[in-house]
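Q: Mind looking at a prediction? Sequence and model below.
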Amino acid sequence: MKNRVVITGMGVITPLGLSINSFWQSLVQGQSGIDRISRFDVSGFSTQVAAEVRDFDPQEYMERKEAKRMDRFAQFAMASTQLAIKDSGIEAQDLASTRTGVLVGTGIGGIETLTDQFQTMFDKGPGRVSPFFIPMMIANMACGQIAIALGARGPSSTVVTACAAASNAIGDAFRLLQWGKADVMVCGGAEAPIVPLAVAGFCSMKAMSTRNDDPRAACRPFDAERDGFVMGEGAGMFVLETLEHAQKRGAKIMAEIMGYGVTQDAYHITAPAPGGDGGARCMALAIEEAGLSPGDIDYINAHGTSTPANDKNETEAIKTVFGEYAHRVPVSSTKSMTGHLLGAAGAVELVACVKAIETGIIPPTINYVHKDPECDLDYVPNQARKAQVKNVLSNSFGFGGQNACLVVSKVED
């Protein structure tokens, strides 16, 4: 018999705030974390806006020496992990165990370190490259640093599946707990891609919004005038436990993970499959594993990137799975406010799903002004909505055809 798996702690570092409360209040109020990029000169870039994490001081979460040996994405991961552990109330000695594991998703990993150290070598020669370059740059180091800090010696891995990475990491942690391979899993995703090279690369793909004159309106999922995604940065981390372990220690249980779907489009390196085939199959798998029917889903947190192809295909995928009910189930994209956190997106969005269950409030899709006849669902436009929320579906789709969907539910006594 499979173990039931519950969420007992959450932590976030986001463009909308550095705590669960500030993040959630900003979502409910429809605030945008998108503005003109401040970290470097963007005058030569076609896209000049992003959702930056502001006022983040890594020394509030770790020693200065430790922080200097971590890329920004790993600092985000470590900080949000500390917040999640504090939120869970779990004792440090319970984590320092072979029954505690760590899974972290990221799309790009330590790209800031990579670009900085390349410039150092170019300007000053190979002898000046930092001995910490490789340990800071490699994608698995956020996971490694967290495990070292906690003494967590159980199942450990890093998931790199582009924008599905965090959801895959959480889903894989869910599986390990289901199968009894661990008692506690610390999992989520982290990303810090707002560096010149990454921005230039996405600009060359013409994937990002060029609405530079109005940053807060640049990300407009499902709107007829959407013109691309807006890059974001940050992290979201969770403490997951088997229900038995959580009950034994008297933990506060926030929600239960009920289903996990993972599929592949096998179609194109960046474009989604026509009609959202892979996404539709992924949603259906997650709902089926949860023991639910599509009509039981009270809210869908969409991938909703604000690109013409993604939003159209995701809408078609939802219609495929939900049929007539597709026009009644609320669907929103919190990326309209956070920007797209790439490999961290699924984790930060799952926090929003859990808070929707907890508070009975569905966050909106802001900047929804012009109706697109090909995107004709209920996108909770511009204002949060009160509703009874018991079962939530979270969608994450990534380059390379990667799809990951999670179903989380309210825990009944």
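A: Received the coordinates, thanks.

Q: okay, now the closest residue in space to H340 that isn't next to it in sequence: neighbour count?
A: Leaving aside its chain neighbours, H340 sits nearest to F229 (4.5 Å; criterion: Cβ to Cβ, 6 or more residues apart in numbering). The C-beta positions use only the backbone N, C-alpha and C, and glycine is treated the same way. By other Cβ atoms under 10 Å, the residues close to F229 number 24.

Q: Tell me which residues touch F229, please.
A: A207, M208, S209, C219, T305, S306, T307, N310, K335, G339, H340 (Cβ atoms under 8 Å, 6 or more residues apart in numbering).

Q: Nearest to Q388 among these?
A: When the contacts of F229 are ranked by distance to Q388 (Cβ to Cβ), K335 comes first, at 24.5 Å.

Q: From the contacts of F229, pick the one nearest P272.
A: Nearest to P272 out of those is N310 (Cβ to Cβ; 6.1 Å).

Q: Was I right to think the closest one contacts F397?
A: Yes - counting by Cβ atoms under 8 Å, N310 does reach F397; the two are 7.0 Å apart.

Q: Find residues that contact each of these two.
A: The contact lists of N310 and F397 share P272, H303, where a contact means Cβ under 8 Å, 6+ apart.

Q: between these two, who's got more neighbours?
A: F397 (32 against 27).

Q: tell me the contacts of the more buried one?
A: With Cβ under 8 Å, 6+ apart, F397 has these contacts: C163, A164, P272, G278, G279, C282, H303, N310, E314, N403, A404.

Q: ok, now how distant is it from C163?
A: 7 Å (Cβ to Cβ, to the nearest Å).

Q: anything in contact with each of these two?
A: With Cβ under 8 Å, 6+ apart as the test, F397 and C163 both reach H303.

Q: follow-up on the earlier one: go ahead and build a PyMOL selection from the buried members of the contacts of F397.
A: To isolate the buried ones among those in PyMOL, judged by 16 or more other Cβ atoms under 10 Å, type:
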select buried, resi 163+164+272+278+279+282+303+310+314+403+404
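
Q: if you look at the contacts of F397, which of them are in helices?
A: G278, G279, C282, N310, E314 (DSSP state H).

Q: related to what we said a few turns ago, want to throw the contacts of F229 into TSV with pLDDT?
A: Listed next are the contacts of F229 as TSV, based on pLDDT from 0 to 100:
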residue	pLDDT
A207	96
M208	98
S209	98
C219	98
T305	98
S306	98
T307	97
N310	96
K335	98
G339	98
H340	98
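
Q: Only the buried members of the residues you listed: can you turn that into a PyMOL selection?
A: Buried residues within the contacts of F229, by 16+ other Cβ under 10 Å, are selected in PyMOL with:
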select buried, resi 207+208+209+219+305+306+307+310+335+339+340
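
Q: show me where the stretch 251-400 of the chain has strands.
A: Using DSSP state E, counting those that start in this stretch, the strands of the stretch 251-400 of the chain run over 255-264, 299-301, 331-332, 361-362, 385-386, 391-398.
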